[in-house]
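1. The following block contains a protein sequence and its predicted model.
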Amino acid sequence: MSMQPTPWPEPDAQVAAAIKAIYRRRELPLAVSVRDMLGEVFPDEGFVSAFGVRGRPGYSPGRLALVSVLQMAERLTDRQAAEAAGRDLSWKYALGLALDDPGFDHSVLPEFRARVVNGGLEHHLLDVLLAALMDKGLVKAGGKQRTDSTHVVSAVRDLNRLELAGESVRAALEAVVAAAPDWFAAVFDVAGWSARYGRRIDSWRLPASQAKRDQLAGDYGGDGFALVRAVYSASAPVWLRELPAVQVLRTVLLQNYYVHQDKTGKQVIRRRDAQKDGIPPAPSRITSPYDRDARWAAKGEELFWCGYKVHITETCDDAAQPEPAAGQPDPPNVITNVATTDATVPDVAMTAPIHGMLAERGLAPGEHYLDSGYPSAALVVSSMVEHGIELVTPLLADTSAQAKAAAGYDRSAFAFDFQTRTATCPQGQISSAWTPCIQDGTAKIVVTFPAIGCIRCPARQLCTRRKKGGRQVTVPPREIHQAQLKARAEQATGAWQVRYARRAGAEGTINQALDLGIRRARYRGIDKTRLQHVLTACALNLIRLNAYWNGHPLDRTRTSHISRLTVDLAA
């Protein structure tokens, strides 16, 4: 399929006349407002790299991008979105279609998404939209922004380890039989395999007893290894090894089974025991043969899910003062970035990447409001040095035993002199060693006090639980230590709490995104899920802009009816 970039047609005269007649006393629908205010939102030129230059001409990718965004805004399926393009006058107006244009087949949309993902253009749509809003002065760098995350449930069934083993064998079996049915029939007993794997593993009840479950797990493991060995044998077509389902089966077997020889020399295949044999950590453990990117994760004691995590960043500048002229409402908060990861990636690992993406768009904020899961003392320093971003966020408290018990001498009770490389304890004892090191990939300094002085100290019980030797205190490098002390002192003040209240609005954005289905993946795989989240972010921006263009004020707080009446009477 090829694509020749062409400008979008102007709205059809008949369609425009019908829109004008229908909505002459009502607010214009979203699609019409977008076309009137932003014009050709997603030009075809930006998608050239995802399409060939030879072959059958394809549908305009720019218009398909707008259809995909409107599809998210109205929570439509592919079939419903394709029907809307050929039936809804507002969509025809936005796309520049003639009144009698039937639109396109719904199968075009998944093909478009696949090309966007394969071309690495998932973030292109948001980039283009934000560039247009920057030109109109609706978003700019250096302001205030906030970020929050939420969990995303994958588009596959949740499987326990036993179901995962059986379903992985079944998925690989289906792929092999579809690719080389004659070879499989010549090697295996088709009837026997069909009896066990003819239906989904989770469609029937698993055995209740542990002994029978262990036996079934062994059967799945034996079948899986037999299938893999056959595929990798000299008599099998070489290309069978490249089937994705076969690769997934190999990984699942490696992660969940242990192969050894018993005393008689017989090969034994058994399921791995987490305590005895060990299993891979969650970030690398496959949870479904149909979505290799989904991962199990937990948050707190109640939330446990399989899938992904999405981080949404939006502007949150102050309301205009004085009030805008002619009753114009304040500009809306604009989503400036959306980042999708697997469920196991902690928030703190995304702070720097989010800053990098914002800087690439020319939208790095001056102040970034985050919850306590995103920052570290090192990030407070590096964000200011690299991007000029001030992190407005509570740093986690000291986690030492003394700090947790609120009794004794924690790190804040010691005085550190980085110039002389010494520390002084609350009793006036001078340290005997100053040792820079790397702990968990982070630069640290371990300060040790002399054993004789600590043993004889009358306050030893307040300082350390060690039975031998002197107290050891771990401190970060000077810049990070000073930033940590400053941040913890500031966040204890009332003024800082008032300032930090701005971050709470991120919860409202997450709630609005939930209305568009952001918490449940529509597609399989992290790349397509990332594209879904970008489309959702674009849809949220257009919904907010449509309200702004139609003169709806931005409700920054929830106000009761009686409070509104009080304000109106006072005015």
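-> Cool, got the structure. Numbers count the residues shown, from 1 in each chain.
2. From now on I want contacts and neighbour counts done on CA atoms only, so please keep to that.
-> OK.
3. Residue 312 contacts residue 337, doesn't it?
-> Yes. Residue 312 is within contact range of residue 337, at 6.1 Å (criterion: Cα atoms under 8 Å).
4. Where do the strands of the stretch 1-150 of the chain begin and end?
-> Remark: strands assigned in the stretch 1-150 of the chain by DSSP state E, counting those that start in this stretch are 144-153.
5. actually the chain, sorry about that
-> Ranges of strands within the chain are 144-153, 257-261, 267-271, 295-299, 303-315, 335-342, 367-369, 390-392, 415-417, 422-424, 433-439, 442-448, 472-475, based on DSSP state E.
6. tally of neighbours for residue 267?
-> 11 (other Cα atoms under 10 Å).
7. and the closest residue to it other than its chain neighbours, how many neighbours does it have?
-> The shortest distance from residue 267 to any non-neighbouring residue, by Cα to Cα, 6 or more residues apart in numbering, is to residue 261 (4.5 Å). If you count neighbours by other Cα under 10 Å, residue 261 ends up with 10.
8. related to what we said a few turns ago, can you pull the residues that touch both of residue 312 and residue 337?
-> Common neighbours of residue 312 and residue 337, using Cα atoms under 8 Å, 6 or more residues apart in numbering, do not exist here.
9. Was I right to think residue 391 contacts residue 368?
-> Yes. Shown here, residue 391 and residue 368 form a contact pair, counting by Cα under 8 Å, at 5.0 Å.
10. if we can go back for a sec, confidence score at the residue nearest to residue 267?
-> Residue 261 is assigned 78 on the pLDDT scale.
11. what's the answer for residue 309, then?
-> Looking at residue 309, its pLDDT stands at 97.
12. ok, now residue 224?
-> On the pLDDT scale, residue 224 gets 94.
13. Which residue is the nearest non-sequential neighbour of it?
-> Using Cα to Cα, 6+ apart, the closest residue to residue 224 is residue 169 (5.5 Å).
14. give the contact list for that neighbour.
-> Contacts for residue 169 (Cα under 8 Å, 6+ apart) come out as 220, 223, 224, 249.
15. State the distance from the residue lying closest to residue 454 once chain neighbours are set aside to residue 449.
-> Excluding the flanking residues, the one nearest residue 454 by Cα to Cα, 6+ apart is residue 470, at 5.2 Å. Going from residue 470 to residue 449 by Cα to Cα, to the nearest Å gives 5 Å.
16. Next: residue 524.
-> Residue 524 is 56 Å from residue 449, by Cα to Cα.
17. quick one: which of these two has more around it?
-> residue 449 (22 against 17).
18. would you turn the strands of the chain into CSV with distance to residue 244?
-> Output for the strands of the chain, formatted as CSV (distance: least, Cα to Cα, whole Å):
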stretch, distance to residue 244
strand 144-153, 23
strand 257-261, 20
strand 267-271, 23
strand 295-299, 18
strand 303-315, 19
strand 335-342, 20
strand 367-369, 41
strand 390-392, 43
strand 415-417, 56
strand 422-424, 58
strand 433-439, 38
strand 442-448, 37
strand 472-475, 47
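19. Compare those strands and give me the one nearest residue 535.
-> Ranking these by proximity to residue 535 (Cα to Cα) places strand 335-342 first, at 9.8 Å.
20. Show me what that closest one is packed against.
-> helix 124-135, strand 303-315, helix 351-360, helix 526-549 (3 or more Cα pairs under 8 Å, 6 or more residues apart in numbering; DSSP states H and E).
21. ok and it relative to strand 144-153, angle-wise?
-> Interaxial angle, strand 335-342 versus strand 144-153 (axes from the mean of the first three to the mean of the last three Cα atoms, to 10 degrees): 30 degrees.
22. Adjacent strands (with direction) for strand 335-342?
-> strand 303-315 (antiparallel) (DSSP bridges).
23. Tell me how many other residues crowd residue 511.
-> 14.
24. any idea how far residue 278 is from residue 168?
-> On the measure of Cα to Cα, residue 278 and residue 168 end up 20 Å apart.
25. One more: residue 149?
-> From residue 149 across to residue 168, the span is 31 Å (Cα to Cα).
26. Among the two, which residue is more densely surrounded?
-> Shown here are residue 149 and residue 168; by other Cα under 10 Å, residue 168 has more neighbours (26 against 21).
27. Could you report the neighbour count for residue 277?
-> 11.
28. Quick check: nearest residue in space to it, chain neighbours excluded?
-> With sequence-adjacent residues excluded and distances taken as Cα to Cα, 6+ apart, residue 277 is closest to residue 258, at 7.6 Å.
29. give the contact list for the one you found.
-> Counting by Cα under 8 Å, 6+ apart, residue 258 makes contact with 269, 270, 271, 272, 277.
30. Mind listing the residues bridging to it?
-> residue 270.
31. and it, what pLDDT?
-> For residue 258, the pLDDT comes out at 88.
32. Repeat that for residue 399.
-> Model confidence at residue 399 (pLDDT) stands at 69.
33. Number the chain from 7, please
-> Will do, 7 is the new start, and the previous item becomes residue 405.
34. Give me the contacts around stretch 353-369.
-> So stretch 353-369 is contacted by 133, 146-148, 155, 342-343, 345, 370-371, 379-382, 385, 389, 393 (Cα under 8 Å, 6+ apart).
35. so where's the protein uncertain?
-> 7-8, 59, 61, 325-334, 405, 559-565, 569-570, 573-574, 576-577 (pLDDT under 70).
36. residues in contact with residue 487?
-> Contacts for residue 487 (Cα under 8 Å, 6+ apart) come out as 383, 481.
37. State the distance from it to residue 285.
-> Separation of residue 487 from residue 285 (Cα to Cα): 37 Å.
38. all helices of the stretch 7-156 of the chain, in order?
-> Counting by DSSP state H, counting those that start in this stretch, one finds helices in the stretch 7-156 of the chain at the ranges 19-28, 36-44, 67-79, 84-93, 95-101, 114-124, 130-141.
39. Quick check: residue 114 vs residue 293, distance?
-> With Cα to Cα as the criterion, residue 114 and residue 293 are 30 Å apart.
40. Compare the two and say which is more crowded by neighbours.
-> When residue 114 and residue 293 are compared for neighbours, residue 293 comes out ahead with 26 against 16, by other Cα under 10 Å.
41. just checking, that one touches residue 300?
-> Yes. Applying Cα under 8 Å as the test, residue 293 and residue 300 come out as touching, 6.5 Å apart.
42. Find residues that contact each of these two.
-> In contact with both residue 293 and residue 300: residue 312, using Cα under 8 Å, 6+ apart.
43. Let me know how buried the closest residue to residue 289 other than its chain neighbours is, in neighbour terms.
-> Distances taken as Cα to Cα, 6+ apart place residue 350 nearest to residue 289, at 5.6 Å, with adjacent residues excluded. Counted with other Cα under 10 Å, the neighbours of residue 350 add up to 20.
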